[in-house]
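In: got a predicted structure here, sequence first:
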Amino acid sequence: MLVYSVPKGGLNKGVIIPLIFQCPQECVCKSSKPTQAWYHKKCGDPSFITENGDILCKNHLKDCSGYFIQDAFFQCNKARQSNTWYQHKSRSQLLMALSFALNAAEHNLDQNALNQFTKNILDSVQKRFHN
Ligand SMILES: [Zn+2]
Ligand SMILES: [Zn+2]
């Protein structure tokens, strides 16, 4: 989950962090606990999130395209058993899940990068979230 394994360009602008996330509320695991690294459904590589709210993987300039976090589907190990995918449906849920990603990123980013990321991701989610 190294951010420099993701080539710059395309949607990879500014600060990115590994996508370490909580399950959506509806998830069958019924737990607010599972906070785990999420993998891209298409290629199976780890996902990262940009300060603009886009999710991408290291193949984003070739085979995979990025997408806005609100449009992302998630599946934990428990949900995999029934092959069910879930989405964060409300802005507050999404922001809550993001706080876990930020927590996890604290160890990988210096304070300036983390501040920049936090400020911009909140702006981006406010602006881009569609009801
Ligand atoms: Zn789950
Ligand atoms: Zn991918």
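Out: Now that the structure is in, tell me what you want to look at. Ligands and ions are numbered 1, 2, ... in the order given.
In: give the contact list for the most centrally placed residue in the chain.
Out: The centre of the chain sits closest to residue 19, judged by Cα atoms, centre = their mean, with a distance of 3.9 Å. Residues near residue 19 by Cβ atoms under 8 Å, 6 or more residues apart in numbering: 37, 38, 46, 47, 48, 49, 55, 101. Yep, even glycine has a C-beta here, placed from its N, CA and C like the rest.
In: what's near enough to touch the residue lying closest to the third one once chain neighbours are set aside?
Out: Spatial nearest neighbour of residue 46, excluding adjacent residues (Cβ to Cβ, 6 or more residues apart in numbering): residue 1 at 5.1 Å. With contact set as Cβ under 8 Å, 6+ apart, residue 1 has these partners: 18, 37, 46, 48.
In: and ligand 2, which of those residues reach it?
Out: When Cβ under 5 Å from the ion is applied, no member of these is adjacent to ligand 2.
In: going through the residues you listed, which ones are buried?
Out: When these are checked for burial by 16 or more other Cβ atoms under 10 Å, the buried set is 18, 46, 48.
In: what's the longest helix in the chain?
Out: Longest helix of the chain, by residue count under DSSP state H: helix 111-128.
In: gap between the closest residue to residue 87 other than its chain neighbours and residue 98?
Out: Closest residue to residue 87 apart from its sequence neighbours, by Cβ to Cβ, 6+ apart: residue 73 at 5.5 Å. Distance, residue 73 to residue 98, using Cβ to Cβ, to the nearest Å: 16 Å.
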